[in-house]
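Engineer: Okay, here's the prediction I keep looking at, along with the sequence it came from:
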Amino acid sequence: MVIIFLNGQKNSFPISQNQILRLTLLSWIILDLLKFHPVLMNNRIPVIALLGPTAIGKSKIALELYDQYPIEIVSVDSAMIYKDMDIGTDKPTHEVLASKKHHLIDIRNPNQNYNVGDFYSDVNNVITEIHSNRKVPLLVGGSMMYFNRLFKGLSQIPGRSISDRKLINHLNNFYTSTQLHECLKHFDKKSYNNINKNDKQRIERAIEVYMSSGKPITSFFNKTNLLEVNYKFINIKLTISSRKDIHEKISHRVKQMFKKGLIDEVIYVRDKYSLSKDSQSMKSIGYRHVLEYLETKETVNDLQNKCLFATRQLAKRQHTWLKQFTDVIDIDISTNKTDKLKQIIDNYLQFI
């Protein structure tokens, strides 16, 4: 006998023991699902972020997870967005990209610009699309500035202006970066103090924002759109305790790049898209070094050493960024491999 209240009235129904067991099991399943229902989670649905320094093996682990979980991979890499730049970015092969769903790879030509604002908008749209497919986004990459914006929100800075951009290019013909940096002192003292006098890109952007809005770029920094209002980020940081191990991985990565034909790739991309050392895509590690090599005719060995040193410096900067991210789960892959990682994901995705 089971008693159910309908519209305030007590009703009795005959029911067998087997039916009671089935109803009990069903109620447990429903309650488990409801725990993760977007409404009951304050509309914050899960997004997994897999962070780590270059060459640590993030992409390989992501592919392993893809085969076991209902996820789609989202690249958080400022160089993988460019078409035809495959070797220097260590991009997944065409076969992998064709068989496993990836996002934000090959979305720009190398002669096009792309900034953190573009990424923030694109990744928001991609996350929405993946959730509509009843999958979970797995954000993977080493562009820490992109991750930083994801976690802290994007400042509502005015967009770029073609007319202002032309004027700034004109100013560049007459003034050095140091002189333009000195200008900041008169209308944006905070940027003047925070931006290095040799950081040409940030100096120009600060001037451009002031020209278009009449306000210092720093005045926009506290006005942010936060993705975490809608999404629950599960941030997993991959580390290796031994610096020697990461250096060996970086050395292997650099050797493989040249073995696969990095120099020929740079020449091909440069000629196809009419690129120069000032092109945004060509400022990536490996690409800018090969362009310098083609101009100076230094030895290939010297070129490889420069790429190796630059990649190690990148890993060092990435470690510095990673220390700033406090809401993360640390996993040392040299000891835990992927077992702990999978256990964490199991706990979060058991409702799927």
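Structural biologist: That came through, no problem. Numbering: from 1, shown residues only.

Engineer: Going by C-alpha atoms from here, please, whenever you check contacts or count neighbours.
Structural biologist: Noted.

Engineer: quick one: least confident helix or strand in the chain?
Structural biologist: Scoring the helices and strands of the chain by mean pLDDT, DSSP states H and E places strand 2-6 at the bottom, with a mean of 45.

Engineer: What segments of the stretch 251-352 of the chain are helices?
Structural biologist: In the stretch 251-352 of the chain, helices defined by DSSP state H, counting those that start in this stretch lie at 262-273, 287-296, 300-324, 333-336, 339-349, listed in chain order.

Engineer: Now render these as a markdown table, adding distance to Q68 and mean neighbour count.
Structural biologist: A markdown table is the format used below for those (distance: least, C-alpha to C-alpha, whole Å; neighbours: other C-alpha atoms under 10 Å):
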| stretch | distance to Q68 | mean neighbour count |
| --- | --- | --- |
| helix 262-273 | 33 | 17 |
| helix 287-296 | 35 | 18 |
| helix 300-324 | 27 | 16 |
| helix 333-336 | 18 | 14 |
| helix 339-349 | 9 | 14 |
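
Engineer: Format those helices as JSON lines; extra columns: distance to F174 and mean pLDDT.
Structural biologist: As requested, the helices of the stretch 251-352 of the chain are exported to JSON lines (distance: least, C-alpha to C-alpha, whole Å; pLDDT from 0 to 100):
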{"stretch": "helix 262-273", "distance to F174": "28", "mean pLDDT": "98"}
{"stretch": "helix 287-296", "distance to F174": "25", "mean pLDDT": "96"}
{"stretch": "helix 300-324", "distance to F174": "31", "mean pLDDT": "94"}
{"stretch": "helix 333-336", "distance to F174": "51", "mean pLDDT": "76"}
{"stretch": "helix 339-349", "distance to F174": "54", "mean pLDDT": "78"}
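
Engineer: how about those, which one is nearest E64?
Structural biologist: Closest to E64 of those, according to C-alpha to C-alpha: helix 339-349, at 9.9 Å.

Engineer: Could you list every helix and strand in contact with the closest one?
Structural biologist: Contact here means 3 or more C-alpha pairs under 8 Å, 6 or more residues apart in numbering; DSSP states H and E; on that basis helix 339-349 packs against no helix or strand.

Engineer: show me the residues around I61 that make contact.
Structural biologist: Contacts for I61 (C-alpha atoms under 8 Å, 6 or more residues apart in numbering) come out as T338.

Engineer: Can you give me the domain boundaries for the protein?
Structural biologist: Following automatic domain parsing, one finds the domains of the chain at 2-35, 45-154+223-349, 162-214.

Engineer: most neighbours per residue, which of those domains?
Structural biologist: Greatest average neighbour count among the domains of the chain goes to domain 45-154+223-349 (a mean of 17), per mean count of other C-alpha atoms under 10 Å.

Engineer: pLDDT weak spots in the chain?
Structural biologist: Judged by pLDDT under 70, the chain has its weakly predicted residues at 1-44, 155-156, 161, 221-229, 336-337, 349-352.

Engineer: how far is the strand ranked longest in it from where the chain is centred?
Structural biologist: Counting residues, the longest strand in the chain under DSSP state E turns out to be strand 231-239. Computed by C-alpha atoms, centre = their mean, to the nearest Å, the chain-centroid distance of strand 231-239 equals 12 Å.

Engineer: mind exporting that strand as CSV, just the C-alpha atoms?
Structural biologist: Presented in CSV, the C-alpha positions along strand 231-239 are these (Å, rounded to 0.1, in the frame of the first residue of the first chain):
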residue,chain,number,x,y,z
TYR,A,231,29.1,28.4,-15.8
LYS,A,232,30.8,26.4,-13.1
PHE,A,233,34.4,26.2,-14.0
ILE,A,234,36.3,23.1,-13.0
ASN,A,235,39.9,24.2,-13.3
ILE,A,236,42.6,21.5,-13.4
LYS,A,237,46.3,22.5,-13.5
LEU,A,238,48.8,20.0,-14.8
THR,A,239,52.3,20.1,-13.3
